[in-house]
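Trainee: Just to be clear, the model below is a prediction. Sequence and coordinates:
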Amino acid sequence: MSDAVVIIPTYNEIENIEAIIRAVFSQEKVFHVLVVDDNSPDQTAHKVNALIKEYPERLFLLKRDKKSGLGTAYIAGFNWCLEKHYDFIFEMDADFSHNPDDLIKLYNACAIDGADVSVGSRYVKGITVVNWPMSRILLSYGASRYVRLITRMRVKDATAGFVCYKRSVLETINLSNIRFIGYAFQIEMKFKATNKGFKIKEIPVIFKDRTQGKSKMSGSIISEAIFGVISLKLKSLFTK
């Protein structure tokens with residue numbers, strides 16, 4: 001049994017899923033993996049099921065009926081992991097934009113250094129992004145500055161999706177009240193953790209753009225993040 005589990009949400013990640021799972025399992029620290037698949041047409045779940053035969057005690061699959069958004073996939077994963085009594089619960093993308101070798105850094109930040117949430121950050125030490133066009137770097141970095149301005153959070157990479165939560169954080173936040181389903185979900189989780197008084201520590205990582213598969217970024221996701229931040233802050237003012 002491991003005390004740590006990595007949630008990997010998937011939708012059409014057949015090119016990446018086997019490699020990312022094997023990379024996580026190659027770490028010196030023993031991590032379990034939960035794949036939350038949104039009924040991928042490319043048979044991602046079928047590939048995971050085949051790998052479960054090789055890793056029956058470490059790899060798990062939660063298959064959903066349809067594509068319902070990143071946030072709801074993670075909420076489903078969080079609830080599953082809490083039921084299984086893991087102490088450290090991770091978010092990580094399937095496409096190698098997050099380096100599995102950095103998992104131990106996030107784990108140590110929470111397990112040893114006293115953080116409640118650790119974030120693999122692209123912006124805590126300059127801008128550490130590889131293979132993104134300048135337009136996307138400016139959009140992402142500008143969004144992070146915008147989030148800090150509106151929410152007053154000290155987190156420099158609020159939209160980061162490479163995160164470790166102690167189980168106490170997820171038990172304290174009312175997951176059923178998380179409203180955003182796109183990348184604004186990442187902002188909302190960090191904002192609510194901050195408001196609950198949890199300590200968030202940013203760990204510098206190098207973020208690499210995917211080389212296989214297609215990005216899930218869309219205009220509606222960006223709009224949700226931009227306008228959702230204002231709504232999130234205003235609501236917090238009236239619920240304290």
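Mentor: Nice, thanks for sending it over. Residues are numbered from 1 along each chain as shown.

Trainee: any idea of the mean pLDDT for stretch 68-80?
Mentor: On average, the pLDDT along stretch 68-80 is 95.

Trainee: what sits up against that stretch?
Mentor: Contacts with stretch 68-80, where a contact means C-beta atoms under 8 Å, 6 or more residues apart in numbering, come from 7, 9, 34, 36, 38, 60, 62, 64, 89, 91, 161, 165, 170, 175, 178, 180-185, 188, 216. (C-beta placed from N, C-alpha, C; glycine too.)

Trainee: Buried only: go through the residues you listed for me.
Mentor: 7, 9, 34, 36, 38, 60, 62, 64, 89, 91, 161, 165, 170, 175, 178, 180-185, 188, 216 (16 or more other C-beta atoms under 10 Å).

Trainee: from the residues you listed, which ones fall inside strands?
Mentor: Secondary structure from DSSP state E places 7, 9, 34, 36, 60, 62, 89, 91, 165 of these in strands.

Trainee: from these, which single one is nearest residue 125?
Mentor: residue 91 (20.8 Å; C-beta to C-beta).

Trainee: so how far is residue 5 from that closest one?
Mentor: 11 Å (C-beta to C-beta, to the nearest Å).

Trainee: ok, residue 42 - contacts?
Mentor: By C-beta under 8 Å, 6+ apart, residue 42 lies in contact with 12, 13, 14.

Trainee: Would you mind giving the secondary structure of residue 118?
Mentor: Judged by DSSP: H, G, I helix; E, B strand; the rest coil, the three-state class of residue 118 is strand.
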